[in-house]
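S.K.: here is a sequence together with a model predicted from it:
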Amino acid sequence: MRQKTLAMAADQGAGFEQYRRPTKRDVFLETMEKIVPWSHLCEVVKPYYPKGVGGRPPVGLERMLRMYFVQHWFNLADVACEEALLDSTALRRFVGVDLGRERVPDGTTLLKFRRLLEHNELGEQLFAKVGEILQGRGLKIGTGTIVDATIIGAPSSTKNKEEARDPEMHQTRKGKQWYFGMKIHIGVDSQTGLTHSAVVTAANVHDKHALPDLLHGDEQRVYGDSAYASQKDLIASKAPKAKDFTNERVRNRSGEIDEVKRSKNRNKSKIRARVEHVFAVVKRLWGFGKVRYRGLTKNATRAFPVLALANIYMSRSRLMAQVRP
């Protein structure tokens, strides 16, 4: 146990702020502190993390992982994350920084940590580890999968050093609107609403092409919107026992609407809508509606941990019930 400094005591409100009450941020961070499996996630990164032999000691692995998650939760750039820690006592307390003894890890340190995860493809491993832990805690993968994709926008401007758009991003049309960027394709369990598989592609890749990679193989039902209609062969290639419950196209070539198909689609959509809860957390709550980096690899390294954290967040009530008082 380290002796508390005045800075740490002030951060913890030890008699200095008598009338302070917990904010929503405080409650959120306290919950994440309890339910995120820190030791297991650190074990994923530990084999690749610098040992600090013969040089400057590295920042503690768990501290960097906490800072990295703060960056995702509050949609912060590297330098902005450093400044947020300097500004917020709640964030410093969560990350474990005592300004009376040490500096906040700077933006460059966070950048190097991100690149470490990227170069070793650790984003996917963190996502897989969280899924494994949640299954071990009773959140089993069922026999139904909901598939869907969402567009993550990218800058279409050419006013940059290369005078060109990101070559790995592409444009696609949705309705009458054109979008430029990438897509996140996900497979969500129809019972728990948790993501069990994900694929990142350019925006011009049709939703159906990622379909086999989104199924775990033991499905009995597959749900999806009309973009996945008439894909029974693709579904059977990965999940031979699965029945196709994707939405059918209700408008025929003459423009008439089949009311029977529309009614069936509405019933299917009551289950299919659960996939939108994941996108609401990722895009609306945590701000991943636009890319922050150039290239698919860097943004995929961001996407997989964000989906893992979304699974934890969406399971928070059940996980908190399992936490020992």
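M.R.: Nice, I can see it. From a predicted model like this one, the values you see are computed outputs, not experimental measurements.

S.K.: the closest residue to L91 other than its chain neighbours: what's it in contact with?
M.R.: In space, and not counting its chain neighbours, L91 is closest to L85: 5.0 Å by C-beta to C-beta, 6 or more residues apart in numbering. (Glycine included, C-beta is placed from N, CA and C.) By C-beta atoms under 8 Å, 6 or more residues apart in numbering, L85 lies in contact with M67, V70, L91, R92, V95, V97, V104, P105.

S.K.: could you confirm the third one falls within a helix?
M.R.: Yes: applying DSSP: H, G, I helix; E, B strand; the rest coil, one finds L91 inside a helix.

S.K.: from what I can see it touches A84, true?
M.R.: Yes: between L91 and A84 there is a contact under C-beta atoms under 8 Å: 5.7 Å.

S.K.: settle it for me: which of those two has more neighbours?
M.R.: L91 (23 against 19; other C-beta atoms under 10 Å).

S.K.: relative to E102, how far out is that one?
M.R.: L91 sits at a distance of 15 Å from E102 (criterion: C-beta to C-beta, to the nearest Å).

S.K.: format the contacts of L85 as TSV; extra columns: pLDDT, secondary structure and distance to L134.
M.R.: Listed next are the contacts of L85 as TSV, based on pLDDT from 0 to 100; DSSP: H, G, I helix; E, B strand; the rest coil; distance: C-beta to C-beta, whole Å:
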residue	pLDDT	secondary structure	distance to L134
M67	97	helix	23
V70	97	helix	21
L91	95	helix	26
R92	95	helix	29
V95	95	helix	24
V97	92	coil	29
V104	93	coil	31
P105	93	coil	29
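
S.K.: of those residues, closest to D233?
M.R.: V70 (44.4 Å; C-beta to C-beta).

S.K.: neighbours of that closest one, just the number please.
M.R.: Residues within reach of V70, counting by other C-beta under 10 Å, total 20.

S.K.: for the one 3 residues further on, same thing?
M.R.: When neighbours are counted by other C-beta under 10 Å, W73 registers 20.

S.K.: show me what contacts the nearest residue to I35 once chain neighbours are set aside?
M.R.: The shortest distance from I35 to any non-neighbouring residue, by C-beta to C-beta, 6+ apart, is to L319 (4.1 Å). For L319, the contact set (C-beta under 8 Å, 6+ apart) comprises K34, I35, R137, I312.

S.K.: of the residues you listed, which pair is most distant in space?
M.R.: With C-beta to C-beta as the measure, no two of those lie farther apart than K34 and R137, at 13.1 Å.

S.K.: ok so M182 is a strand residue?
M.R.: Yes: remark: M182 belongs to a strand, assigned using three-state DSSP.

S.K.: isn't it right up against Q171?
M.R.: No: here M182 lies out of contact with Q171, judged by C-beta under 8 Å, at a distance of 10.7 Å.

S.K.: anything in contact with each of these two?
M.R.: Contact criterion C-beta under 8 Å, 6+ apart; residues shared by M182 and Q171: A203.

S.K.: still on that earlier bit, shared neighbours, L91 and A84?
M.R.: Residues touching both L91 and A84 (C-beta under 8 Å, 6+ apart): V70.
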